[in-house]
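A.B. asks: mind looking at a prediction? Sequence and model below.
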Amino acid sequence: MRNNRPNILLFMSDNQSADFIGCYGNNEIKTPNIDLLAQNGIKYTAAFCANAMCSPCRASVLTGLIPSAHGIHNWLDDNLESQWPENWNAIGEFDTFPDKLKEAGYLNALIGKYHLGKAWKSSDAFDHWITFPHGHTKSFYKNKIIDNNKTYEHEGHSVEFFTDKTIEFIEANKENKNPFFCFVPFNGPYGHWPSIKGKPTNKFAKLYDDCELSTVPREGINKRVIDRFSNRILESGGSLPEQFSGPLLLPNNKDSLRNYFSQATLIDDGIGRILQKLKTLSMLDNTIVIYTSDHGFSLGNHGIWGHGMAAWPSS
């Protein structure tokens, strides 16, 4: 028999600006399930991330510490993994809130993007561990998966995969006497090339075919962006990786803008499916549901496509 302590379900999207969620005033993007959460719960309108980069922000969420305290100030580059210690966890030295929940008897699961070190082995705070070995999403498809003690390649869209695995976890633990904490950090809408390049191919690919994209800022490219990427071109010897050239091209690429919109709607759909499972199992009323993003994303704000300009609201 379950005790009455609530389950906790924490959704985190990747690089999603509040400007591109329906309940924050965007009338073009379709996010009905997130909008319903806001309507029936608490919607924050003056929240700030600790750092507009993936790894430091995620570290702050899990530890409660600012970057100067936990020591992570930038995204952890997958290309440097060979230099990291075996099974290195960037926040392993800290007492995280999942650690505290586990001490209190919670069953902890991480199902999604981690981006805080080598992900081949589960963090001690989590009993259930489904993620992928990299932090960056080069593609939403054909990703290598770490599923507890197994590794395999999944052909389909990773957001739908993480949704399915979350539903499986909830179903498997519906009779567990202990409550669960399930952390679901989706790896979308993401926004960076090459994953967001060109037309979308997910199940909402056609939804935005006729979208005028009138809610996308048209503010012209910022001089700081030009200077930044000019330096990168010089450093690279004239060959700029597509990941970094994308921000110069994307504000005028309607296919990629519609792609970003469709990825956001796919996440919303996943949230709706998970909440429906909780409702079907009569678990929703005893589950605290939180939705956030690791940080924001500029889709033309201040002439920027991307994030990292931490002092700007869109980041």
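C.D. replies: All right, it came through fine. Please read these numbers as outputs of a predicted model, since none were measured by experiment.

A.B. asks: so residue 314 sits against residue 302, correct?
C.D. replies: Yes: between residue 314 and residue 302 there is a contact at 7.3 Å, judged by C-beta atoms under 8 Å. For glycine as for every other residue, the C-beta is placed from the backbone atoms N, C-alpha and C.

A.B. asks: the two: which is more packed in?
C.D. replies: Neighbours were counted for residue 314 and for residue 302 using other C-beta atoms under 10 Å; residue 314 has more, 21 against 17.

A.B. asks: what's the closest non-adjacent residue to that one?
C.D. replies: Nearest non-adjacent residue to residue 314, counting by C-beta to C-beta, 6 or more residues apart in numbering: residue 301, 3.9 Å away.

A.B. asks: how many neighbours does the one you found have?
C.D. replies: 21.

A.B. asks: so who does it touch?
C.D. replies: By C-beta atoms under 8 Å, 6 or more residues apart in numbering, the contact set of residue 301 is 17, 19, 217, 219, 312-314.

A.B. asks: list buried residues within those residues.
C.D. replies: For the contacts of residue 301, a burial check counting by 16 or more other C-beta atoms under 10 Å picks out 17, 19, 314.

A.B. asks: would you list those residues in JSON lines and tack on secondary structure, distance to residue 137 and pLDDT?
C.D. replies: Compiled in JSON lines, the buried ones among the contacts of residue 301 are given as follows (DSSP: H, G, I helix; E, B strand; the rest coil; distance: C-beta to C-beta, whole Å; pLDDT from 0 to 100):
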{"residue": "17", "secondary structure": "coil", "distance to residue 137": "17", "pLDDT": "88"}
{"residue": "19", "secondary structure": "helix", "distance to residue 137": "21", "pLDDT": "92"}
{"residue": "314", "secondary structure": "coil", "distance to residue 137": "20", "pLDDT": "78"}
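
A.B. asks: pretty sure residue 270 belongs to a strand, no?
C.D. replies: No: read with DSSP: H, G, I helix; E, B strand; the rest coil, residue 270 is helix and lies in no strand.

A.B. asks: look up how far residue 169 lies from the closest residue to it other than its chain neighbours.
C.D. replies: Residue nearest to residue 270 in three dimensions, not counting chain neighbours: residue 163, with 3.6 Å by C-beta to C-beta, 6+ apart. Applying C-beta to C-beta, to the nearest Å, the value for residue 163 to residue 169 is 11 Å.

A.B. asks: what ranges do the strands span in the stretch 51-200 of the chain?
C.D. replies: Ranges of strands within the stretch 51-200 of the chain are 107-111, 128-131, 143-147, 150-154, 180-189, based on DSSP state E, counting those that start in this stretch.

A.B. asks: which other residues reach stretch 145-161?
C.D. replies: 119-120, 122, 128-133, 137, 140-144, 165, 186-188, 202-203, 263, 266-267, 270.

A.B. asks: kindly recompute the last result at 7 Å.
C.D. replies: Contacts to stretch 145-161, defined as C-beta atoms under 7 Å, 6 or more residues apart in numbering, come from residues 119-120, 128-133, 140-144, 186-188, 202, 266-267, 270.

A.B. asks: and those, which are buried?
C.D. replies: Among the contacts of stretch 145-161, those buried by neighbour count (16+ other C-beta under 10 Å) are 119, 128-132, 140, 143, 186-188, 202, 266-267, 270.

A.B. asks: kindly state the beta-bridge partners for residue 130.
C.D. replies: Under DSSP bridges, the beta-bridge partners of residue 130 are residue 111, residue 147.

A.B. asks: tell me the contacts of it?
C.D. replies: By C-beta under 7 Å, 6+ apart, the neighbours of residue 130 are 111, 145-148, 165.

A.B. asks: can you redo those as CSV with distance to residue 61?
C.D. replies: Listed next are the contacts of residue 130 as CSV, based on distance: C-beta to C-beta, whole Å:
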residue, distance to residue 61
111, 16
145, 23
146, 21
147, 23
148, 23
165, 21
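
A.B. asks: how about the helices in the stretch 1-150 of the chain?
C.D. replies: Secondary structure of the stretch 1-150 of the chain (DSSP state H, counting those that start in this stretch): helices at 32-40, 54-63, 67-70, 97-103.

A.B. asks: so for residue 77, which of these sits nearest?
C.D. replies: Closest approach to residue 77 among the helices of the stretch 1-150 of the chain (C-beta to C-beta): helix 54-63, 9.3 Å.

A.B. asks: list of residues touching that closest one?
C.D. replies: Outside helix 54-63, the residues that touch it by C-beta under 7 Å, 6+ apart are 49-51, 66-67, 70, 72-76, 90-91, 94, 96-98, 115-116, 135, 294-295.
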